[in-house]
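In: Below: sequence and its predicted model.
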Amino acid sequence: MRRFLLIAIVLFMASCSKSEMPYEYGNVRLSIGHNSSVIVKSATEEIPGTYIVSAVNLQGESVPELNGEYSSIKEQDIVLPVGSYTVSAYNITEEEAEMERGTQRFFGSTSFDVRTGELHQASFTCTMENARVSFVFDDSFKSIFDVENAENPAKVTVYTAANPSRKIEYTKDATLSEDDPQIAYFNVDNSDSSLNFTITARRKSDSADKSYSKSFALQKQSWYKVTIKAASNSGSDEVTVNMDATL
């Protein structure tokens, strides 16, 4: 699952006499273009959100002329002092990306130099920063466990090592559609990207409640389609997990 936003920055440089102003300046024109949709295994998904642009100079100071909603900045000639800058864009914050079951977050950045008397063009790609996760109970699991038990239905409880207080429950098979409530999004932490999940279900043979725990590492720009299977061997149950990570 690869989705991106192409951001182009066109820098138009104009020399200014030091007798007119204390610094030399250049004109910056920011334009953002992106694909209106992305394709994920025959499913078309709209890129959500209003993009926010921010920039800092070499000293780490905010550049007000390049901070705000893209709609208020695009196609404008913005005057900046000659120097080095870093600009970034995102559609939602990390905190917003994990509200309730979450949504996809895009982010990208690049550095550029403003020089007098030159024409520069810089570009960068905003990519999906988090991961999408869905679960499906295989028929082999359903044959051993009472997935739809009224008292204790089978469920998968999921959380990341970086944010253990946010627990998401999956209780039904994912249909893999864009608005499926059985799909959730998780931020990918650079230091510990582990996704932990616990499967709980009631066994049909003796009505015993069983629990199985697994974990795997998340990658950005990925959709993890997890299939939970089970098999009975010599009186014991073996639960296996098949994972398809689509980039």
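Out: Thanks, I have the structure now.
In: Which residue ranges of this structure form helices?
Out: For the chain, applying DSSP state H gives helices covering 70-73, 94-97, 139-144.
In: right, so of these, which gets closest to residue 126?
Out: Closest to residue 126 of these is helix 70-73 (C-beta to C-beta; 11.0 Å). Where C-beta positions appear, they are placed from N, C-alpha and C, glycine not excepted.
In: now for that closest one, which elements pack on it?
Out: Applying 3 or more C-beta pairs under 8 Å, 6 or more residues apart in numbering; DSSP states H and E, one finds that helix 70-73 contacts strand 25-34, strand 52-57.
In: if we can go back for a sec, closest one to residue 129 among the helices of the chain?
Out: Between those, helix 94-97 lies closest to residue 129; by C-beta to C-beta that is 7.4 Å.
In: State the mean pLDDT of that closest one.
Out: In this model, helix 94-97 has a mean pLDDT of 94.
In: Return the set of buried residues in it.
Out: Using 16 or more other C-beta atoms under 10 Å as the test for burial, helix 94-97 gives residue 97.
In: Export it to PDB, keeping only CA atoms.
Out: This file holds the C-alpha atoms of helix 94-97, laid out as PDB (Å, rounded to 0.1, in the frame of the first residue of the first chain):
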ATOM      1  CA  GLU A  94       0.100  12.100  15.500                       C
ATOM      2  CA  GLU A  95      -2.400  12.500  18.300                       C
ATOM      3  CA  GLU A  96      -5.300  13.000  15.900                       C
ATOM      4  CA  ALA A  97      -4.100   9.900  13.900                       C
END
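In: Give me the residues contacting that helix.
Out: With contacts defined as C-beta atoms under 8 Å, 6 or more residues apart in numbering, helix 94-97 is touched by 103, 104, 105, 129, 130, 185, 187.
In: Now, of those, which are buried?
Out: Among the contacts of helix 94-97, the ones that count as buried by 16+ other C-beta under 10 Å are 103, 104, 105, 129, 130, 185, 187.
In: possible to save these as JSON lines with distance to residue 143?
Out: Below are the buried ones among the contacts of helix 94-97 laid out as JSON lines (distance: C-beta to C-beta, whole Å):
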{"residue": "103", "distance to residue 143": "35"}
{"residue": "104", "distance to residue 143": "35"}
{"residue": "105", "distance to residue 143": "38"}
{"residue": "129", "distance to residue 143": "39"}
{"residue": "130", "distance to residue 143": "34"}
{"residue": "185", "distance to residue 143": "31"}
{"residue": "187", "distance to residue 143": "36"}
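In: tell me which of the residues you listed is nearest to residue 147?
Out: The closest of the buried ones among the contacts of helix 94-97 to residue 147 turns out to be residue 185 (C-beta to C-beta; 24.1 Å).
In: first to last residue in stretch 148-165, what's the distance?
Out: Using C-alpha to C-alpha, to the nearest Å, the gap from the first to the last residue of stretch 148-165 comes to 27 Å.
In: contacts for it?
Out: Contacts of stretch 148-165 (C-beta under 8 Å, 6+ apart): 98, 133, 135, 137, 141, 145-147, 166-171, 184, 186-187, 189, 191-202, 209, 218, 228.
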